[in-house]
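Novice: Give me a model of this one.
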Amino acid sequence: MLARLLGVSVVLLLGAAPARAGEGRGSDRDAGIDPATGWVIHQAPNPDPNAAYRWMHIMQEASGRSVERVGARPTIISREMHIAMTAMYDAWAAYDAEAVGTRLAGKLRRPAAERTEENASKAVATAVYRALLELYPEDAAWLAEQMRADGHDPDDATLDVSKPQGVGNVAARAVLEYRRHDGANQLGDEVGSNGKPYSDYTFYEPRNPGDEILYPDRWQPIPFDDGKGGKTTPGFLTPHWYRVRPFALARSDSFRPGPQPRVGTDRMKREVDQILHANANLGVEQKAIVEFMRDGPRSTGQSGHWLRFAADVARRDGYTLEQDVKLFFSIANVVFDAFISCWETKRFYDGPRPYALVRWYYAGKQVPGYLGPCKGSGRLPAAQWHPYSPATFVTPPFPGYTSGHATASGAASKMLELVTGSDRFGSLAIRHAGELTELGCSVGQMQARDGQLDPRIADEREVRLELPTFSATAEMAALSRMLGGYHVAADNDVGLEVGRKLAIYSWPIYQAYFDGTASVRD
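Specialist: As a prediction, the model looks like this:
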């Protein structure tokens, strides 16, 4: 796959025969369909969204606002989306004849006469609103505006379950109460923490300082530009996440893989060299892939990204309220579990990232690489080698093995296949290469070699990324992390495998909630 990525147009990269969009109910959904392929355009507007679709996107915006305030925190984002989408599902389940909620089982079940889409929609909106209000209190006024725009009273806190808003309030309250002390340290009150929300209470300390590699098989904190002329060195983001209570998994270490290749082995050297070659030879298409899967600057993480892919499916097939609720619930939760599993592996192995590995293997030598915005690629000292990312966010601040992108993508892609009954996706993402990393640079500058611009390169940034299947999209996400210089191949390959296994294991648990045979988990 690497050879194809480096040498072939992305439109041909994943070249399955186009599957026609809109094969579900209705043939009048031409808006948001690419005329050349018949595929659904990623993130196109939905002309007729149901309540689940609307409130999933309101959640995405609330998450983006939070990222602007505190930065991208993928583990925490996954938990926030898990809470909101689980509250949504539990509220909806009260209006279904069979489905049971995750916290109150069938206790909220409403009589058949009340099981209308209007009531279910109001319950869904109320539940998501209440969940978001606790998770993002800074946006209380904005969230209230969304409720009013949806025709609901944001101040109606009734717990009367004969009313749909009461069902929503009760469902959200049960999920929120269950999660307040689930190991995430949401309130900053775990013994050993510094009192700040989500702070570590497990006393993690890196083996390597930020300016020296003492243990090459262990993670090294990496300095970033702080955007103010100085430097900052972030620590391991949420190193305690292995203690968070999963949704469907029995334990956080249930899918812990074997160790990554060690420094000094032929395999690790090959994988570091693979990164050097790829990073120094990124074409316009590959840069677009790296940025698309990096999903910044208001990144809602892999949880948000795969929920947006799920929204493409919902538009493609004209999903009902029930279908959207079940789809978003399944994706949010399997990614939440994937991050818990992945973080357990990261904490257990504490593996290095390419930033440190390049410096270790090639200390005092020149290497090929990305030279910076508008400079293209060329040779530079290993001590200056840099992933394809802004200087203010060099590489994610946590150990490399396994890749969170790969693990979450493996899990979400397999869950989409299980929920929909097919691996078919048929989505088209239209990107502009360099928009997150080299804004304001010409394509000639972006693709310069050793300071020399190639006059034959057209100044065309638009790239059409075709996503024919869920599995191919996950593989693109995983591979993007190697192309960008964030992970060696083992981090991605093993992450994909673990994510897929996790989804297959979990699927019967989701089905049991849907068919009413599940029991409430402790």
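
Novice: check contacts around the residue nearest to residue 106 when sequence neighbours are not counted.
Specialist: Computed as Cβ to Cβ, 6 or more residues apart in numbering, the closest residue to residue 106 that is not its neighbour in sequence is residue 100, at 4.8 Å. Using the backbone N, CA and C atoms, a C-beta is placed for each residue, glycine as well. Neighbour list for residue 100: 93, 106, 513, 516, 518 [criterion: Cβ atoms under 8 Å, 6 or more residues apart in numbering].

Novice: repeat that for 10 Å
Specialist: Shown in contact with residue 100 (Cβ atoms under 10 Å, 6 or more residues apart in numbering): 90, 93-94, 106-109, 512-520.

Novice: Return the member of the residues you listed nearest to residue 481.
Specialist: Of all the contacts of residue 100, residue 513 has the smallest distance to residue 481: 32.2 Å, by Cβ to Cβ.

Novice: Run the chain-centre distance for the helix or strand containing that closest one.
Specialist: Applying DSSP states H and E as the criterion places residue 513 in helix 489-515. Taking Cα atoms, centre = their mean, to the nearest Å, one finds helix 489-515 lying 15 Å from the centre of the chain it belongs to.

Novice: In this protein, where is pLDDT below threshold?
Specialist: 1-31 (pLDDT under 70).

Novice: name the helices or strands packed onto the helix holding residue 513?
Specialist: Here helix 489-515 touches helix 74-93, helix 266-280, helix 321-349, helix 404-420, helix 470-484, going by 3 or more Cβ pairs under 10 Å, 6 or more residues apart in numbering; DSSP states H and E.

Novice: want to try a markdown table for these, with mean neighbour count as columns?
Specialist: A markdown table is the format used below for those (neighbours: other Cβ atoms under 10 Å):
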| stretch | mean neighbour count |
| --- | --- |
| helix 74-93 | 28 |
| helix 266-280 | 18 |
| helix 321-349 | 26 |
| helix 404-420 | 28 |
| helix 470-484 | 25 |
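
Novice: Now tabulate the ones you listed in a markdown table and tack on distance to residue 181.
Specialist: Below are the helices and strands packed on helix 489-515 laid out as a markdown table (distance: least, Cβ to Cβ, whole Å):
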| stretch | distance to residue 181 |
| --- | --- |
| helix 74-93 | 13 |
| helix 266-280 | 40 |
| helix 321-349 | 16 |
| helix 404-420 | 24 |
| helix 470-484 | 33 |
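
Novice: Between these, which one is closest to residue 249.
Specialist: Residue 249 sits nearest to helix 321-349 of all the helices and strands packed on helix 489-515, at 5.1 Å, using Cβ to Cβ.

Novice: list the helices and strands the closest one packs on?
Specialist: helix 51-70, helix 74-93, helix 117-135, helix 301-317, helix 404-420, helix 489-515.

Novice: export these to TSV and tack on distance to residue 450?
Specialist: Listed next are the helices and strands packed on helix 321-349 as TSV, based on distance: least, Cβ to Cβ, whole Å:
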stretch	distance to residue 450
helix 51-70	37
helix 74-93	36
helix 117-135	49
helix 301-317	35
helix 404-420	31
helix 489-515	27
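
Novice: For residue 295, find the nearest of those helices.
Specialist: helix 301-317 (5.1 Å).

Novice: doesn't residue 429 fall inside a strand?
Specialist: Yes - assessed by DSSP: H, G, I helix; E, B strand; the rest coil, residue 429 belongs to a strand.

Novice: what residues are up against it?
Specialist: Going by Cβ under 10 Å, 6+ apart, the list of residues near residue 429 reads 10, 39, 41-43, 288-289, 292-293, 308-309, 312, 463-467, 473, 476.

Novice: and if you look at residue 236?
Specialist: 200, 204-206, 219, 221, 343, 346-347, 350, 397-399.

Novice: Check the gap between residue 184 and residue 77 for me.
Specialist: 12 Å (Cβ to Cβ, to the nearest Å).

Novice: now do residue 185
Specialist: 15 Å.

Novice: try residue 440
Specialist: Counting by Cβ to Cβ - residue 440 and residue 77 are separated by 29 Å.

Novice: Residue 376 now?
Specialist: Going from residue 376 to residue 77 by Cβ to Cβ gives 33 Å.

Novice: Quick one, which of the helices and strands packed on helix 489-515 gets closest to residue 116.
Specialist: Checking the helices and strands packed on helix 489-515 against residue 116 by Cβ to Cβ gives helix 321-349 as the closest, at 10.6 Å.

Novice: Name the residues of the helix or strand that the closest one is followed by that are buried.
Specialist: Downstream of helix 321-349, the first helix or strand assigned by DSSP H and E is helix 354-361. Neighbour-count burial for helix 354-361 flags 354-361 (criterion: 16 or more other Cβ atoms under 10 Å).

Novice: now, the most widely separated pair of the residues you listed?
Specialist: Spatially, the most separated pair among the buried residues of helix 354-361 is 355 and 361, at 11.8 Å (Cβ to Cβ).

Novice: Map the structural domains onto the sequence of this protein.
Specialist: Structural domains annotated on the chain: 1-47+209-224+260-522, 73-187, as defined by automatic domain parsing.

Novice: now these as TSV including distance to residue 245?
Specialist: Output for the domains of the chain, formatted as TSV (distance: least, Cβ to Cβ, whole Å):
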stretch	distance to residue 245
domain 1-47+209-224+260-522	8
domain 73-187	4
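
Novice: Quick check on the nearest residue to residue 520 once chain neighbours are set aside: phi, psi?
Specialist: Excluding its sequence neighbours, the residue lying closest to residue 520 (Cβ to Cβ, 6+ apart) is residue 105, at 5.3 Å. Reported as degrees, to the nearest 10, the phi and psi values for residue 105 are phi 50, psi -120.

Novice: quick one: residue 105 and residue 511, what's the gap?
Specialist: In this view, residue 105 and residue 511 are 16 Å apart by Cβ to Cβ.

Novice: wait, what's in contact with residue 485?
Specialist: 275-276, 278-280, 282, 290, 353-355, 358, 369-370, 385-389, 394-395.

Novice: Distance check, residue 250 against residue 120.
Specialist: Residue 250 is 31 Å from residue 120, where distance means Cβ to Cβ.

Novice: the more surrounded of those two?
Specialist: Taking neighbours as other Cβ atoms under 10 Å, residue 250 and residue 120 compare with residue 120 leading, 27 against 9.

Novice: residues in contact with the more buried one?
Specialist: 50-52, 91-96, 110, 114, 164, 167-168, 321-322, 325.

Novice: try 7 Å this time
Specialist: 92, 95, 321 (Cβ atoms under 7 Å, 6 or more residues apart in numbering).

Novice: For residue 370, name its beta-bridge partners.
Specialist: On the basis of DSSP bridges, residue 370 is bridged to residue 377.

Novice: typo on my end, residue 430
Specialist: Going by DSSP bridges, residue 430 forms beta bridges with residue 464.

Novice: Buried among the contacts of residue 236? Make that a ChimeraX selection.
Specialist: Only the buried entries of the contacts of residue 236 go into this ChimeraX selection, using 16+ other Cβ under 10 Å:
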select :200,206,219,221,343,346,347,350,397,398,399
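
Novice: how close does residue 89 sit to residue 443?
Specialist: On the measure of Cβ to Cβ, residue 89 and residue 443 end up 45 Å apart.

Novice: what does residue 48 give?
Specialist: 39 Å.

Novice: who's more crowded, those two?
Specialist: residue 443 (19 against 9).

Novice: can you count the residues close to the residue nearest to residue 372 when sequence neighbours are not counted?
Specialist: Spatial nearest neighbour of residue 372, excluding adjacent residues (Cβ to Cβ, 6+ apart): residue 386 at 7.2 Å. Neighbourhood size, residue 386 [other Cβ under 10 Å]: 18.
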